[in-house]
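Novice: no letters, just coordinates:
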């Protein structure tokens, strides 16, 4: 098999595995995506904010969601308050240095979360200690918590858990991206 054949096979396999992950996700997650979309919409309409966080690629998705809420998704509309707890290097390095990496989102949630806000934590493994701590802290402050994860869970750590039925990080993140885009579409349906 040539290098080009191997590359072609990798590409075909990735697309096929993505398709399968999406097909498994629709029946498993359709209702929870709709329900959490309603929760987010209701909170934003009531003047609350969204706090969102995760590590690595999930940190990028957290920033992406905040950008879509403050900016726009597909049409111009009023901006909604959202804070990605992943972007301020001064805050991040201060907390990591003084309290440890596990406190990264917990400290920010303690400072920023208020009753009625939404806190969304991304963890493809379902085991990220700092995401779990951030969700707990936000919940203690009265925020509604949403976890986006993979087959690993986070059950019990959030009010709403959206677990992509996959163990492959790339495909979990791809479905997470679809979910945050769906939330934005649902929000823009409301006007």
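Specialist: It's in. What you are looking at is a predicted structure, and each value in this text was computed from that prediction instead of being measured.
Novice: biggest helix in the chain, by residue count?
Specialist: helix 3-45 (DSSP state H).
Novice: show me what that one is packed against.
Specialist: Contacts defined by 3 or more C-beta pairs under 8 Å, 6 or more residues apart in numbering; DSSP states H and E place helix 3-45 against strand 50-53, strand 118-123, strand 144-149, strand 160-163, helix 169-189. Any C-beta I mention is one placed from the backbone N, CA and C, and that applies to glycine too.
Novice: that one: how far from the chain's middle?
Specialist: 13 Å (C-alpha atoms, centre = their mean, to the nearest Å).
Novice: tilt between that helix and strand 144-149?
Specialist: Computed by axes from the mean of the first three to the mean of the last three C-alpha atoms, to 10 degrees, the angle separating helix 3-45 from strand 144-149 equals 170 degrees.
Novice: could you give the mean pLDDT of helix 3-45?
Specialist: Model confidence over helix 3-45 averages 93 on the pLDDT scale.
Novice: can you list the low-confidence ranges for this structure?
Specialist: 153-155, 191 (pLDDT under 70).
Novice: give the contact list for the residue positioned nearest the centre of it.
Specialist: What sits nearest the mean C-alpha location of the chain, by C-alpha atoms, centre = their mean, is residue 122, with 4.1 Å. Listed by C-beta atoms under 8 Å, 6 or more residues apart in numbering, the contact set of residue 122 reads 52-55, 58-59, 61-62, 131, 147-149, 176.
Novice: please name the nearest non-neighbouring residue to it.
Specialist: residue 54 (3.1 Å; C-beta to C-beta, 6 or more residues apart in numbering).
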